[in-house]
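1. predicted model and sequence below, questions to follow.
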Amino acid sequence: MRIETNEENGIIRFILEGRLDAVSADEAESTMMKAIEGKGRYLYDLAALDYISSAGLRVLLSTSKQIKRGEGRFVMCAANANIRHILDISGFASIFPLVETIDEGQRLLAE
């Protein structure tokens, strides 16, 4: 699991790559929590995420709750068919803002 964090136009982008599972969840959560500050705007780029387990879903849930507590906003984007299926069957697709492309996510956060 690799997480790259960068900022562009006031949007912090989390680029998740590889497997977000029980082995990588704690480190991933720690990395992302360190980048979350107050009323920020956050883009979860899932394009390079190959696999997500229940531990990985917990990371997405806990970090998104932290963003909401700080009155920030977030969007998840570019999930491949496998990740999208997991988000759908777990019910997470109905509680997370989820869009098809990175550009669409950036436009939504820029509003």
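-> Noted; the coordinates are in hand.
2. where does the residue nearest in space to the middle of the chain fall, phi/psi-wise?
-> By Cα atoms, centre = their mean, the chain has its centre lying nearest to residue 44, at 3.1 Å. Here the main-chain torsion angles of residue 44 (degrees, to the nearest 10) amount to phi -90, psi 110.
3. would you mind naming the residues that bridge with it?
-> residue 14, residue 76 (DSSP bridges).
4. pretty sure it is touching residue 16, no?
-> Yes - assessed by Cβ atoms under 8 Å, residue 44 is found in contact with residue 16 at 6.9 Å. To be clear about C-beta, it is placed using only N, CA and C from the backbone, and glycine gets the same treatment.
5. hmm, residue 17 is touching residue 24, no?
-> No - here residue 17 does not reach residue 24: they are 10.5 Å apart, not a contact under Cβ under 8 Å.
6. what about those two, which has more around it?
-> Neighbour count, other Cβ atoms under 10 Å: between residue 17 and residue 24, residue 24 has more, with 20 against 15.
7. list the contacts of that one.
-> Going by Cβ atoms under 8 Å, 6 or more residues apart in numbering, residue 24 touches 1, 18, 56.
8. which one of these has the most neighbours?
-> residue 56 (23 neighbours).
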